[in-house]
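Trainee: Sequence first, then the predicted structure, then my questions.
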Amino acid sequence: MIKRAFLSVLFVTCAVSMTLRAQSAQSVGSPEWVKAFPPFLLIGNVYWVGTYDLSSYLITTPAGHILINTGLPQTVPQITTGIELLGFNVADVKVLTATHGHFDHVAGLAQLKRLSKAQMVMSEADAQLLESGGKTDYRWGEDPTARFEPVTVDRRLRDGDTIALGGVVLTAHHHPGHTKGATSFTLDVREDGRTYKVGIINMGSINPGVRVRGMPLYPMIGDDYARTFQAQKALTLDVFLASHASQFRMHEKFKPGDAYRADRFVDPAGYRAAVERLETAFREQLAKEQP
Ligand SMILES: [Zn+2]
């Protein structure tokens, strides 16, 4: 059971500018979260296996695959079907990870871990959040509607740590604020004689009810957000991807059936502008909050 009110506020910040339609209590926050979307090749060995809005990335290698983010429990079949439609096998997923420990990105992890037997890798600072099923979240921990099936973390990542599999090296960038362990991932993809720096970025959006001057369970939240925006502005990338399709305007850049183009999601200016928009929102909120 998921409370609509909770989902609507979370969704507003996670994925702006979509209208929440009336739904039953059993359904999820936005139709776009569960709406099916065909799996497709983003670039090189990086595939979209998510829903219309919730990102799930499959990174394939000869030694097995890495899956980043799993959406909701009810979207797991879309992810597994997508992997199979692309010609891969869920049993070959060797590593599961996520950009942050909110249920719209991790609630399917426990199921996917059972299906794949993959190693669960998570930022050290969000590991407890995963293992508590959402109970230790600084904003939503008291809200039972934000809970999810706990999942055991097998390996904890710190800033700059890498996940290496079959010749692919993913670098983890600790970008805290949205959660304490929010993480972006970068990797190099070689295509057409060129190396593309691909970034799967956890954007620094601020959920309703969060005081950036300090939360009881997260007194240093403001410093973390500020550092994250600095770090994200210093990160140079070619291909801009994120935790929600809307955050990198996927649907403006790609329609089902479009031919593959390695440079389709190259958008360093769009990335920079998206980070700066969120930093401005953070500065404005900081100015408005009473000390
Ligand atoms: Zn979130």
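Mentor: Received, thanks.
Trainee: pLDDT below threshold where in the stretch 51-200 of the chain?
Mentor: Within the stretch 51-200 of the chain, no stretch has pLDDT under 70.
Trainee: Tell me which stretches of it form strands.
Mentor: 57-61, 64-68, 93-97, 119-123, 155-157, 162-165, 168-174, 183-191, 194-201 (DSSP state E, counting those that start in this stretch).
Trainee: which strands and helices sit next to the fifth one?
Mentor: Counting contacts by 3 or more C-beta pairs under 8 Å, 6 or more residues apart in numbering; DSSP states H and E, strand 155-157 is packed against strand 119-123, helix 124-131. In short, each C-beta sits where N, CA and C put it, glycine included.
Trainee: mind redoing it with 10 Å?
Mentor: Judged by 3 or more C-beta pairs under 10 Å, 6 or more residues apart in numbering; DSSP states H and E, the packing partners of strand 155-157 are strand 93-97, strand 119-123, helix 124-131, strand 168-174.
Trainee: In stretch 229-248, which residues are buried?
Mentor: 229, 231-232, 235, 237-248 (16 or more other C-beta atoms under 10 Å).
Trainee: for stretch 264-281, that is, sorry about that
Mentor: Within stretch 264-281, the residues that count as buried by 16+ other C-beta under 10 Å are 264-267, 271-272, 274-275, 278-279.
Trainee: ditto for stretch 113-121
Mentor: Applying a neighbour-count criterion of 16+ other C-beta under 10 Å, one finds 113, 116, 118-121 buried in stretch 113-121.
Trainee: could I get those residues as a markdown table with distance to V169?
Mentor: Below are the buried residues of stretch 113-121 laid out as a markdown table (distance: C-beta to C-beta, whole Å):
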| residue | distance to V169 |
| --- | --- |
| K113 | 23 |
| S116 | 21 |
| A118 | 18 |
| Q119 | 16 |
| M120 | 19 |
| V121 | 13 |
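Trainee: Let's see which of the buried residues of stretch 229-248 end up in helices.
Mentor: 229, 231-232 (DSSP state H).
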